[in-house]
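Q: coordinates only, no sequence provided:
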């Protein structure tokens, strides 16, 4: 892995952090008296609209199944869940249309139900999976029901499964780590009688939403939109993918999920290259991904979606909530250039893009008005994301814990690729529209991506058009 102390990396980090600090200084959150009507955040608007478009089932929820083996204190667990919901208002916030747009309403704190469900002694993993899947797709009334629900499946005195269903209108990926930490500490406090030791929250999600609306309005919003208009002028409408069926012929949101692995050494070698030009590991992955798409399609100009945490304000780091925003990262791949040269350009553009990262994606699309293509979303159809938060899984005092996540089986995006460190290697999740792509095609894309990463790491200064970047199936 590249040495984070090298001058190039330090310069990149200082440059990036300076821009973020300047933004935070301009928009530091000040807690003011709340208005009678609290506006929803832009991210909540996006999640509400996505949910509204599918009246049959929830497409914006995640379910976590937490296996608990040992002497679980059920009363302490229920108390910890209530404590958690008191601590984070967004977990008891409903969202509904109002006279001036979507608004949020914080419900008063109360004891949170964690219903127990007794399973037969011979119940297998499939029974737990069936219950969790039913929770995943169960439609919520976001105007009346809290966005988080809990169930405790009991198969034996010393075996439980806590099923946590979270709607994304209340929580993003970063929030998962906050929830895990807070619930673990609150449970321990209930069991031992010792203080939980959690940091004080200086703001709540509703306060952030109010401040965001103030920052992203008027001249502040227009400055950001002006940047993105310049940045995306003349950009292509779509990202090419090797579709198995023509977009527009199947308008369903059915999705498939493909899990694969990337050896940690491959990513580390790529990070060494990124360090040599002062870029981050994500910038190198984004560049390699764009090179893979170019090599397979011949399109040099690509717009790839990049989720950003949206937590530049320090007060937001300890909050549960949905802060993420999607940035349309434009990457130009020139075959006569080397990977290092393309990466340098990606780095410079990315730093400016991140500095304008709070402009709400939907406002950006509305302002740019990109051409529409049948069967595909405007501007961004493909997303690459890196989970580098490094959060820990939940821990329950005196209990053995297992942990897994279930994903919704619908997606409006053509392809979402997520990478995250899992032990010595990187796990990758390829979520794709199954009406457009077959799993075999997606696995081929993964193999090509891996081939690109290996070859550009070995020869970062070679012209891209001299590298055999579309090799056969790569070994994993």
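A: Now that the structure is in, tell me what you want to look at. Since this is a predicted model, take the numbers as computed values, not measurements.
Q: now do the contacts for residue 283.
A: 274, 343, 346, 347, 350 (CB atoms under 8 Å, 6 or more residues apart in numbering). Heads up, the C-betas are built off the backbone N, CA and C, glycines and all.
Q: can you give me the neighbour number for the third one?
A: Residues near residue 346, counting by other CB atoms under 10 Å, number 26.
Q: report pLDDT for the spatially closest residue to it that is not a sequence neighbour.
A: Leaving aside its sequence neighbours, residue 346 sits nearest to residue 287 (CB to CB, 6 or more residues apart in numbering; 4.8 Å). pLDDT, residue 287: 98.
Q: nearest residue to the most centrally placed residue in the chain in space, please, no chain neighbours.
A: Central residue of the chain (CA atoms, centre = their mean): residue 173, 4.9 Å from the mean position. In space, and not counting its chain neighbours, residue 173 is closest to residue 387: 6.5 Å by CB to CB, 6+ apart.
Q: residues contacting that neighbour?
A: Residue 387 touches 173, 418, 419, 420, 421, counting by CB under 8 Å, 6+ apart.
Q: for those, give me CSV that also has secondary structure and distance to residue 76.
A: Formatted as CSV, the contacts of residue 387 follow (DSSP: H, G, I helix; E, B strand; the rest coil; distance: CB to CB, whole Å):
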residue, secondary structure, distance to residue 76
173, helix, 27
418, strand, 34
419, strand, 36
420, strand, 31
421, strand, 32
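Q: neighbour-wise, give me the winner out of those.
A: Going by other CB under 10 Å, residue 419 tops those with 22 neighbours.
Q: surely that one is in contact with residue 425?
A: No - if you go by CB atoms under 8 Å, residue 419 and residue 425 don't touch, sitting 10.4 Å apart.
Q: what's the overlap in contacts for these two?
A: residue 262.
Q: out of the contacts of residue 387, the closest to residue 293 would be?
A: Residue 293 lies nearest to residue 419 out of those, by CB to CB, at 15.8 Å.
Q: any idea how far the closest one is from residue 333?
A: 20 Å (CB to CB, to the nearest Å).
Q: could you do residue 403 as well?
A: Distance from residue 403 to residue 333, by CB to CB: 38 Å.
Q: coming back round to it: export the contacts of residue 283 to a markdown table and tack on secondary structure, distance to residue 115 and pLDDT?
A: Compiled in a markdown table, the contacts of residue 283 are given as follows (DSSP: H, G, I helix; E, B strand; the rest coil; distance: CB to CB, whole Å; pLDDT from 0 to 100):
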| residue | secondary structure | distance to residue 115 | pLDDT |
| --- | --- | --- | --- |
| 274 | helix | 48 | 96 |
| 343 | helix | 52 | 98 |
| 346 | helix | 49 | 97 |
| 347 | helix | 51 | 97 |
| 350 | helix | 46 | 96 |
